[in-house]
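Chemist: Sequence and computational prediction follow.
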Amino acid sequence: MEFSRRSVAGGLVVVLLGLALVIAGCSGSGDGNDVGAGTGTVRVMLTDAPLSDVQEVWVQITRIEAVSSGHGVQVLVTDEQIPDEIELIELAGNPMLLGEPLIPAGRYTQVRLILNDAPGANYIVDSEDVKHDLKVPSGAQTGAKLVTGAFDIEQGETVTLLLDFDAAASVHQAGASGMWIMRPTIFASVVPGETLQFATIRGTVLDEDGAPLPAGTDEVLAVFVETPFGPISISQVDPTDGSFEIPSILAGTYQVYVAYADPDGWEPTSPPLNLIYDQDPLQYIDISLDPDQTLDLDIVVDLS
């Protein structure tokens, strides 16, 4: 059976003009180190996707910085601008503006988010109202890894840097020790201007008999949403009923696929699974999202 791609129309297609340029850093001239002289404005915003098995995830962010080969490290937000504690789950669908710094125009190849990794600085409250400290390996030394995060900014331009601090992908409980560990997984989307328009993707991932798919002890089943330049968001599939939801994704065009993943680093541990969607065999579902749209995807995994 041949598996292909399938497009899902979402009404009027909203294409984020320039998304490929700012995320992939593919535009510009010369060696790409400088797009233009002067400065531009970066609106730094923070959001999160919900985490089903805990009530609250609290973090202490000390600074956010961008790295450029032409301009070195530029601090975007300092601890004086950031609230002492941020509860991530309440940010789902309600992004927080952290700062609007002016930075030198040019190409930035990396964004880093630095956490306070002192004992007790970061913690969760589980479904039974019990507080657990989060261990954050190297949170203050190397900074949190951003899955995507390259962007260009031109003189006089304003871009919005949306940091999706994915608690579901970042937080897990170690099996042997029972310790809760955070290895931050953060997705960065960069769009021109100041306006962010969000949509929702939800649905189910089931086998051909309508049953949820099992996962091994060291992996989870996940729905990946990506552009040609990397993942924008990931949602773990609920192993009890096969449901998933991504409540605040920027309107635009994406590809969706399903794969098993390592919950520690959230890297795929399998190739994209063979799917049946709208009676067609495929591996990737092409989608387009309008602002405020909720797109329901009922995905069947072909295990034959």
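Modeler: Noted; the coordinates are in hand.
Chemist: And the helices in the chain, which stretches?
Modeler: 19-24, 167-170 (DSSP state H).
Chemist: What residues does residue 82 make contact with?
Modeler: Contact analysis of residue 82 by Cβ atoms under 8 Å, 6 or more residues apart in numbering lists 61-63, 98. The way it works is simple: take the backbone N, C-alpha and C, and place the C-beta from them, glycine included.
Chemist: switch to 6 Å and redo it
Modeler: For residue 82, the contact set (Cβ atoms under 6 Å, 6 or more residues apart in numbering) comprises 61, 98.
Chemist: Backbone dihedrals for it, please?
Modeler: phi -100, psi 140 (degrees, to the nearest 10).
Chemist: Just the pLDDT for it.
Modeler: You'll see residue 82 listed with a pLDDT of 92.
Chemist: for residue 255, same thing?
Modeler: 94.
Chemist: Please tell me how far the closest residue to it other than its chain neighbours sits from residue 157.
Modeler: Nearest in space to residue 255, with sequence neighbours left out and distances taken as Cβ to Cβ, 6 or more residues apart in numbering, is residue 284 at 4.8 Å. Plainly put, residue 284 is 32 Å away from residue 157 if you go by Cβ to Cβ, to the nearest Å.
Chemist: Need the residue closest to the centroid of this structure.
Modeler: Centroid check for the chain by Cα atoms, centre = their mean gives residue 187 as the closest residue, at 3.1 Å.
Chemist: What residues are recorded as beta-bridge partners of the nearest residue to residue 99 once chain neighbours are set aside?
Modeler: Excluding the flanking residues, the one nearest residue 99 by Cβ to Cβ, 6+ apart is residue 77, at 4.1 Å. With DSSP bridges applied, residue 77 shows beta-bridge pairing to residue 64.
Chemist: What separation do you get for residue 77 and residue 65?
Modeler: 8 Å.
Chemist: So the two - more neighbours on which side?
Modeler: Each of residue 77 and residue 65 has its neighbours counted (other Cβ atoms under 10 Å); residue 77 has more, 24 against 18.
Chemist: The more buried one and residue 98 touch, don't they?
Modeler: Yes: contact criterion Cβ atoms under 6 Å: residue 77 and residue 98 qualify, at 4.7 Å.
Chemist: Name the residues contacting each of these two.
Modeler: Between them, residue 77 and residue 98 share the contacting residues residue 44, judged by Cβ under 6 Å, 6+ apart.
Chemist: Could you report the separation of the residue nearest to residue 99 from residue 160?
Modeler: Going from residue 77 to residue 160 by Cβ to Cβ gives 14 Å.
Chemist: re the thing from before, in terms of contact, does the residue nearest to the centre of the chain touch residue 165 like I think?
Modeler: No: between residue 187 and residue 165 there is no contact under Cβ under 6 Å: 8.5 Å.
Chemist: Show me where the chain dips below the pLDDT cut-off.
Modeler: 1-37, 49-53, 93, 138-145, 147-149, 175, 229, 264-265 (pLDDT under 70).
Chemist: can we see that at 50?
Modeler: Applying pLDDT under 50 to the chain flags residues 2-7, 9-36.
Chemist: now what about stretch 168-186, what contacts it?
Modeler: For stretch 168-186, using Cβ under 6 Å, 6+ apart, the contacting residues are 49, 51, 113, 124, 132, 134-136, 144, 146, 163, 165-166, 234, 236, 263, 266.
Chemist: which parts of that stretch are buried?
Modeler: 168-172, 180, 182-186 (16 or more other Cβ atoms under 10 Å).
Chemist: Now for those: which two are most distant?
Modeler: The largest separation in the buried residues of stretch 168-186, counting by Cβ to Cβ, is between 180 and 186 at 18.1 Å.
Chemist: What about residue 79? Give its phi and psi, please.
Modeler: According to degrees, to the nearest 10, residue 79 has phi -70, psi -20.
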